[in-house]
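[1] Quick one, fold the following:
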Amino acid sequence: MIISVGYRIKSHVATRFRQWATRHLREYIIKGFVMDDERLKQMGPGNYFEELLARIRDIRSSEKVFWRKALDIYATSIDYDPNTESSRRFFAVVQNKMHWAAHGHTAAEIITQRADAEQPNMGLTSWSGEKVRKADVSVAKNYLTQAELDTLNRIVTIYLEFAELQALNRKPMYMHDWIAKLDDFLKISDRDILSHAAKVSQRDALAKSHSEYEKHRQQRLNAPSPVEQHFLEAVNKTKQIEKSKKQKQKGDEE
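    Numbering: from 1, shown residues only. Below is the predicted model:
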């Protein structure tokens with residue numbers, strides 16, 4: 001409404017508003033965010049800067065963003081080839097080491113342990129959209145508690161900065177060198193280091209999560225709609241009122 005009116009009114013103030021709005025809307029459309037740098041630098045009242053950092057950490061640790069950034073770093077490895085099985089295993093090792101350091105489970109283990117159709121939202125603590133989708137149940141991060149998620153976000157953020165700093169050295173690196181650097185980083189951070197093979201495979205975790213999702217989907221289909229639920233509540237309320245009236249009449253007659 002404000003923008004609509006601002007673009008219609010002809011005045012000096014409206015012109016300045018249109019210039020400001022156009023500049024910020026353009027930045028938002030292209031980048032997906034708009035920041036007031038000076039206000040954040042001044043650190044005014046409120047914890048807005050900390051909230052912004054927390055959001056950035058959460059975004060950086062999302063699987064798509066993390067792997068895109070990690071790919072840029074690891075692609076500098078002498079032996080990196082995206083088409084080989086060893087490269088795919090390498091990324092799984094990195095992901096599992098970070099999850100293990102954050103909460104003591106691999107990605108597949110956390111999915112297998114917590115995917116449960118009997119739990120609200122299938123045990124997920126976060127998901128995209130209004131309802132849990134099949135794509136959501138195979139993402140380990142979606143099952144973490146707030147404390148576990150905060151720890152993972154911080155580990156990912158700090159490690160990416162660490163890895164970028166290492167990459168700036170332009171020292172020839174193999175993929176196993178990056179694994180060693182990750183272990184060094186976790187050791188300095190006093191975090192447990194995953195040194196054994198995962199007890200649950202990614203394939204088993206996907207099978208479990210998809211099986212539980214199918215149960216969850218059927219339960220959701222069989223559940224009454226909001227309109228039906230409101231109708232049932234109204235019927236029950238009417239029955240309770242009628243029951244109370246009969247009890248009162250019976251008491252009056254006695």
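[2] any weak-confidence spans in the stretch 1-150 of the chain?
    1-14, 17-21, 23-64, 66-67 (pLDDT under 70).
[3] element containing Tyr80?
    Using DSSP states H and E, Tyr80 sits in no helix or strand.
[4] where do the helices sit along the stretch 1-150 of the chain?
    For the stretch 1-150 of the chain, the helices defined by DSSP state H, counting those that start in this stretch occupy 2-8, 12-31, 37-42, 48-60, 63-74, 85-103, 107-114, 146-168.
[5] So which other helices or strands are in contact with the longest one?
    Same thing as helix 146-168. If you count contacts as 3 or more Cβ pairs under 8 Å, 6 or more residues apart in numbering; DSSP states H and E, helix 146-168 packs onto helix 48-60, helix 63-74, helix 85-103, helix 175-188. Bear in mind the C-beta positions are built from the backbone N, C-alpha and C, glycine included.
[6] mind checking pLDDT for Ser209?
    Predicted confidence (pLDDT) for Ser209: 96.
[7] if we can go back for a sec, could I get the helices and strands packed on helix 146-168 as JSON lines with distance to Asp150 and mean neighbour count?
    Below are the helices and strands packed on helix 146-168 laid out as JSON lines (distance: least, Cβ to Cβ, whole Å; neighbours: other Cβ atoms under 10 Å):
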{"stretch": "helix 48-60", "distance to Asp150": "8", "mean neighbour count": "14"}
{"stretch": "helix 63-74", "distance to Asp150": "16", "mean neighbour count": "15"}
{"stretch": "helix 85-103", "distance to Asp150": "9", "mean neighbour count": "18"}
{"stretch": "helix 175-188", "distance to Asp150": "17", "mean neighbour count": "16"}
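[8] Compare those and give me the one nearest Asn153.
    helix 48-60 (3.8 Å; Cβ to Cβ).
[9] Excluding covalently adjacent residues, which one is nearest to Phe90?
    Met175 (5.0 Å; Cβ to Cβ, 6 or more residues apart in numbering).
[10] correct me, but that neighbour touches Asp81?
    No - contact criterion Cβ atoms under 8 Å: Met175 and Asp81 do not qualify, at 9.7 Å.
[11] Check the contact lists of those two and give me the overlap.
    Residues touching both Met175 and Asp81 (Cβ atoms under 8 Å, 6 or more residues apart in numbering) are Ser87.
[12] quick one: the closest residue to Ala108 other than its chain neighbours and Tyr80, what's the gap?
    Leaving aside its sequence neighbours, Ala108 sits nearest to Ala205 (Cβ to Cβ, 6+ apart; 3.7 Å). Computed as Cβ to Cβ, to the nearest Å, the Ala205 to Tyr80 distance reads 26 Å.
[13] Tyr213 versus the nearest residue to Ser126 once chain neighbours are set aside, what's the distance?
    In this structure, Ser126 finds its nearest non-sequential neighbour in Asn142, 5.2 Å apart by Cβ to Cβ, 6+ apart. Distance of Asn142 to Tyr213, given as Cβ to Cβ: 12 Å.
[14] thinking again about what came up before, neighbour count winner among Ala205 and Tyr80?
    Ranked by neighbour count (other Cβ atoms under 10 Å), Ala205 and Tyr80 place Ala205 first, with 23 against 17.
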